[in-house]
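Visitor: Just a sequence and a predicted model for now, questions to come.
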Amino acid sequence: MNEPPIPLEQIRNIGIMAHIDAGKTTTTERILFYAGLLHRMGEVHDGNTVMDWMAQERERGITITAAATTCKWKECQITIIDTPGHVDFTIEVERSLRVLDGAIAIFDSVGGVEPQSETVWRQADKYNVPRIAFVNKMDRVGADFNNVVSMMRTKLAARPVALQLPIGKEETFSGIVDLVAMQAIYYDDATLGMKITMEQIPETLEEMARRYRDEIIEQVVDFNDELMQRVVEEQSFSKELLIKAIRSGVLQGGICPVLCGSAFKNKGIQQLMNAIVDFFPSPLDRGGVKGIHPVTHETVERLPSIKQPFSALIFKITSDAHVGRLAYARIYSGKTGMKNSLSNPRTRTREKVTRIFRMHSNKRHAEQKMQAGDIVALVGLKDTTTGDTICDPDFPVVFERMTFPDPVLSRSIEPKSTVDEEKLVNALERLSDEDPTCRITIDSETGQRLISGMGELHVDILIDRLVREFNVGVHVGKPQVSYRETITKSAEIDTEIAQIIGGKSQYAKVHLCIEPIEPVKGILFESKRDGDAYPQLFIAAIHQGIVEASSGGMLSGYPLIGIKVSVGEMRFREEDSTEMAFKIAGITAFKEACGRAMPALLEPVMRLEIVVPVEHMGPVINDMNSRRGKVLGIAQRRDAQVVDADVPLSEMFGYATALRSLTQGRAVYTLQFDRYELMDRPRQEQLLRRIGR
């Protein structure tokens, strides 16, 4: 028998995000334990956590796929998505933040704001997601709470407000000071932190606690008029009023409360759960979601109410061995069951949900209905993919789709036998359906099938899943870098098409001007002429031709980027000019113009951060120079040095093994895509010879 629905104001949909190894999964495990969902806490290093359920996750001790679960705390329903910390799986963070109402940013008390911390923070900025920071691992050697708060200000341009202070640090870390209630909180190790005692703040911390509390009031007073009035009139105020003011600041994105603790040592988690309930928005607080009507293209708003027409966004697709294809959906408005027909405006098809599940990692709890505020997994959606909207057929709406980064690394992959060919095709279809950053292409020159991803680890995991999950025997080639092609000077061209195609005369004349721009801007298209002067269909056809032509450059066959295309004079004949003619003219003109504009290759450049002991700095820097790396800066972090560098991706294969050898396994690094950069001529010619161009 299903429980009555939870009121919208008591729902919290949140994510947990951080740099790799900051403690996201361990924190989630503790939350589930204190919420009563687990009777025994798993550990990442033991490979027995609930949220890391994939074999690859348990073997490597990292999170690869975002896992969802739901628990209750203080009468609130909290749906949590535990996201990966490794940059190769950043798409999992992106699509989770797209549908969440709040996010907990976890920071390592020693490392502070690390590279992937910055990446996920920017992703949360993109979707205006309110945040709470949790400084984890306060029991570690080198823990520094104040340094993390300072790094949040300088590196993230955030407005952190410390609501807690640690009592002791490193091996003496024993509890926290709650600056809102002005109490010291201690945790009983014998009961795994279940038993909590409240005491007076230690004398050594009293003065600091008062100073930090004054800072809280100063930061949040602008968000609540009643608190402002009481402070101005020097009147006392309740803890509840201060919490209300902090909540307003969080909802408006004006502040980021900072808490602390040690998830592994079971300290600070209950207070973090209280903060989720007290400070994070409900779907009602987040308000309506705007979309576009698929026919009229007018702006449409869906409010978080079960009385509104049904609408939901599909943000993730997975394969389940028992029920098949699962589509994760965030329900924004309305309610519906399994018998109702739904519409997918993108495909213009009707869809029917056959089963509804509330997920607990990889386990499923069947539901009969879904309504506004829910995050559920659906079975039965055949033509719906990541980023699609499903809605009431009588009230169509399309929510903004997600954008996914292009992959930067490829490997050739072929079946071991003809028996495996069909299995491989089906398996690759399912992988690319689940993961939008997994691309499958066929090299037009060699006929090789290529699997592309966001990095070495990403592609390795994809291939590992092919072998284990889909039982496909494959031969795998060496990693290949995804280069790009661009132009280095401007060019203009006139192209005239006058020929008979399919028994019909076709005519089009186009003047095209191209010029180099920043690679990050891709291909920009503009028409210099007034739209009324020429049929808009012809301009659109030229644009389509240019998009098709840019998929492979004449120099190398790699996609073209960093080009601005301007359409000038056009000529057409009423009886002979067609969209096809102008599309062919666009393709021909673009290719010829690029050939005249000194085409060149671009290579992906990665941002590298290495944390290395001082005594190993020399060999690490020398190795970096040999890989064409540029050291951008070196900073001190406790007893280690942090090297910030740029390095071409093509030079980084096998770097993990090399770094371990150079530093006796004591250094760690993170690598993420930064930009495309022009390749020097000798290397370009060498690469073109290698690929047979």
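Guide: Arrived safely, thanks for sending.

Visitor: which residues of this protein score low on pLDDT?
Guide: 1-4, 39-64, 87-88, 444-446, 528-534, 638, 693 (pLDDT under 70).

Visitor: For Ala640, give me its contacts.
Guide: Ala640 makes contact with 611-614 under the criterion CB atoms under 8 Å, 6 or more residues apart in numbering. Using the backbone N, CA and C atoms, a C-beta is placed for each residue, glycine as well.

Visitor: repeat that with 6 Å
Guide: Contacts were defined as CB atoms under 6 Å, 6 or more residues apart in numbering; by that measure Ala640 touches 611, 613.

Visitor: Also the one 4 residues further on?
Guide: Contacts were defined as CB under 6 Å, 6+ apart; by that measure Asp644 touches 609, 632-633.

Visitor: could you redo those as JSON lines and give each row neighbour count and secondary structure?
Guide: Formatted as JSON lines, those follow (neighbours: other CB atoms under 10 Å; DSSP: H, G, I helix; E, B strand; the rest coil):
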{"residue": "Glu609", "neighbour count": "20", "secondary structure": "strand"}
{"residue": "Leu632", "neighbour count": "12", "secondary structure": "strand"}
{"residue": "Gly633", "neighbour count": "9", "secondary structure": "strand"}
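
Visitor: In terms of distance to Ser432, which of the residues you listed ranks first?
Guide: Of all these, Ser432 sits closest to Glu609, with 30.3 Å by CB to CB.

Visitor: Does that closest one touch Thr670 like I think?
Guide: Yes: between Glu609 and Thr670 there is a contact at 5.1 Å, judged by CB atoms under 6 Å.

Visitor: Now the common contact residues for these two.
Guide: What both Glu609 and Thr670 touch, as defined by CB under 6 Å, 6+ apart, is the set Pro115.

Visitor: Please, where are all the helices along the stretch 151-300 of the chain?
Guide: For the stretch 151-300 of the chain, the helices defined by DSSP state H, counting those that start in this stretch occupy 203-220, 225-232, 239-251, 269-279, 283-286.

Visitor: before we move on, the earlier item: quick one: which of the contacts of Asp644 is nearest Arg211?
Guide: For these, the nearest to Arg211 is Gly633 (32.6 Å; CB to CB).

Visitor: What residues does the closest one make contact with?
Guide: Asp644.

Visitor: how about stretch 566-583: buried residues?
Guide: By neighbour count with 16 or more other CB atoms under 10 Å, stretch 566-583 contains the buried residues 566-567, 570, 572, 577-583.

Visitor: how about the closest residue to Glu485 other than its chain neighbours, secondary structure?
Guide: Sequence neighbours aside, Gly553 is the residue nearest to Glu485 in space, at 3.3 Å (criterion: CB to CB, 6 or more residues apart in numbering). Here Gly553 is recorded as coil under DSSP: H, G, I helix; E, B strand; the rest coil.

Visitor: Contact partners for Gly553?
Guide: 485, 560, 599.

Visitor: got it, and Leu671?
Guide: Counting by CB under 6 Å, 6+ apart, Leu671 touches 606, 608.

Visitor: ok, and it, which helix or strand is that part of?
Guide: Element membership for Leu671 (DSSP states H and E) is strand 668-678.

Visitor: Just after that strand, pick out the following helix or strand.
Guide: Following strand 668-678 toward the C-terminus (DSSP H and E): helix 681-690.

Visitor: Mind listing what's buried along stretch 491-503?
Guide: 491, 493, 495, 497.

Visitor: Off-centre distance for that stretch?
Guide: Taking the mean of its C-alpha atoms, stretch 491-503 sits 44 Å from the chain's own mean (CA atoms, centre = their mean, to the nearest Å).

Visitor: Kindly report the same for stretch 666-681.
Guide: 19 Å.

Visitor: all strands of the stretch 301-450 of the chain, in order?
Guide: With DSSP state E, counting those that start in this stretch as the criterion, the stretch 301-450 of the chain has strands at 311-320, 324-333, 335-337, 341-344, 349-352, 355-360, 363-367, 369-371, 375-379, 389-391, 398-399, 409-415, 439-442, 449-453.

Visitor: strands paired with the last one, and their directions?
Guide: The one in question is strand 449-453. Using DSSP bridges, strand 449-453 pairs in its sheet with strand 409-415 (antiparallel), strand 439-442 (antiparallel).

Visitor: returning to what we had before: let's see if you can find the most crowded of the contacts of Gly553.
Guide: Leu560 (27 neighbours; other CB atoms under 10 Å).

Visitor: can you give me the helices for the stretch 451-600 of the chain?
Guide: Assigned by DSSP H, counting those that start in this stretch, the stretch 451-600 of the chain shows helices spanning 456-468, 536-549, 579-596.

Visitor: Most tightly packed of the ones you listed?
Guide: Sort the helices of the stretch 451-600 of the chain by mean neighbour count, taking mean count of other CB atoms under 10 Å, and helix 579-596 sits at the top with a mean of 22.

Visitor: tell me which strands and helices that one is in contact with?
Guide: If you count contacts as 3 or more CB pairs under 6 Å, 6 or more residues apart in numbering; DSSP states H and E, helix 579-596 packs onto strand 491-501, strand 504-516, helix 536-549.

Visitor: Out of these, the one nearest Arg325 is which?
Guide: helix 536-549 (30.1 Å).

Visitor: Give me the packing partners of that closest one, helices and strands only.
Guide: Helix 536-549 packs on helix 579-596, going by 3+ CB pairs under 6 Å, 6+ apart.

Visitor: Please compute how far the helix it packs on lies from its chain's middle.
Guide: 36 Å.

Visitor: and what of stretch 324-341?
Guide: 23 Å.

Visitor: same check, this time on stretch 346-366
Guide: With CA atoms, centre = their mean, you get 22 Å for stretch 346-366.

Visitor: tell me which residues of that stretch are tucked away?
Guide: Buried residues in stretch 346-366, counted by 16+ other CB under 10 Å: 346, 351, 353, 355-362, 364.

Visitor: for those residues, which one is nearest Ser282?
Guide: Arg358 (17.6 Å).

Visitor: how near is the closest residue to the closest one other than its chain neighbours to Ser96?
Guide: Closest residue in space to Arg358, ignoring its immediate chain neighbours: His365 at 4.7 Å, by CB to CB, 6+ apart. Distance of His365 to Ser96, given as CB to CB, to the nearest Å: 20 Å.

Visitor: now do Asp433
Guide: Taken as CB to CB, the span from Asp433 to Ser96 is 18 Å.

Visitor: okay, now the closest residue to Thr197 other than its chain neighbours: neighbour count?
Guide: Spatial nearest neighbour of Thr197, chain neighbours left out: Tyr186 (4.9 Å); criterion: CB to CB, 6+ apart. Tyr186 has 16 neighbours, counted by other CB under 10 Å.

Visitor: for the spatially most central residue of the chain, phi and psi?
Guide: For the chain, Glu94 is the residue whose C-alpha lies nearest the centre (CA atoms, centre = their mean; 2.3 Å). Backbone torsions of Glu94, given as degrees, to the nearest 10, read phi -60, psi -50.

Visitor: contacting residues for the residue nearest to it when sequence neighbours are not counted?
Guide: Once flanking residues are discounted, Glu94 sits nearest to Gln123: 5.6 Å by CB to CB, 6+ apart. Contact partners of Gln123, counting by CB under 6 Å, 6+ apart, are 93-94, 97.
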